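# just a sequence and a predicted model for now, questions to come.
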Amino acid sequence: QVQLVESGGGLVQAGGSLRLSCAASGGTISRYAMGWFRQAPGKEREFVAVISWSSGMIYYREAVKGRFTISRDNAKNMVYLQMNSLKPEDTAVYYCAADSHSSTVRGMTLPNYDCWGQGTQVIVSS
């Protein structure tokens, strides 16, 4: 099973930007659907954005549409999340996840994704 490591989190003021990266090792993710999820303190983990292996299918949580962009570089075994116009409510631990059973997006719920990173903290100050 591949290992996923997120990076790029940090503290940013509202209105600022961050770019999260997810590096995969121990195997290729080029044929996997990939996703970004987040978990705020005291809340359940929730879907943020997902992308199919070819980038032909991309879905976003309504709250981040127009501000976040998910992308991938299969040659580098990487997935990214560009986050612009950040808001305090975007504060959370952000997780990268892989659906190793599908190259297309089967869904945006957690059970569809069987490989997870350890997360990277994003804090947006007001």
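Everything's here; your move. Numbers count the residues shown, from 1 in each chain.

# OK, contacts around the spatially most central residue of the chain?
Against the mean C-alpha coordinate of the chain, by CA atoms, centre = their mean, the closest residue is residue 36 at 2.0 Å. Under the criterion of CB atoms under 8 Å, 6 or more residues apart in numbering, the neighbours of residue 36 are 20, 22, 48-50, 70, 79, 81, 94-97. Placement of C-beta: from N, CA and C, glycine included.

# and for residue 120?
Contacts of residue 120 (CB under 8 Å, 6+ apart): 6-9, 20, 93-94.

# coming back round to it: any idea which element the residue nearest to the centre of the chain lies in?
With the criterion set as DSSP states H and E, the secondary-structure element containing residue 36 is strand 33-39.

# so which residues make contact with the very next helix or strand once past that strand?
Helices and strands here follow DSSP H and E; after strand 33-39, the next one along the chain is strand 46-51. Strand 46-51 has contacts (CB under 8 Å, 6+ apart) with 33-39, 57-61, 64, 68-72, 79, 81, 94, 105, 108-110.
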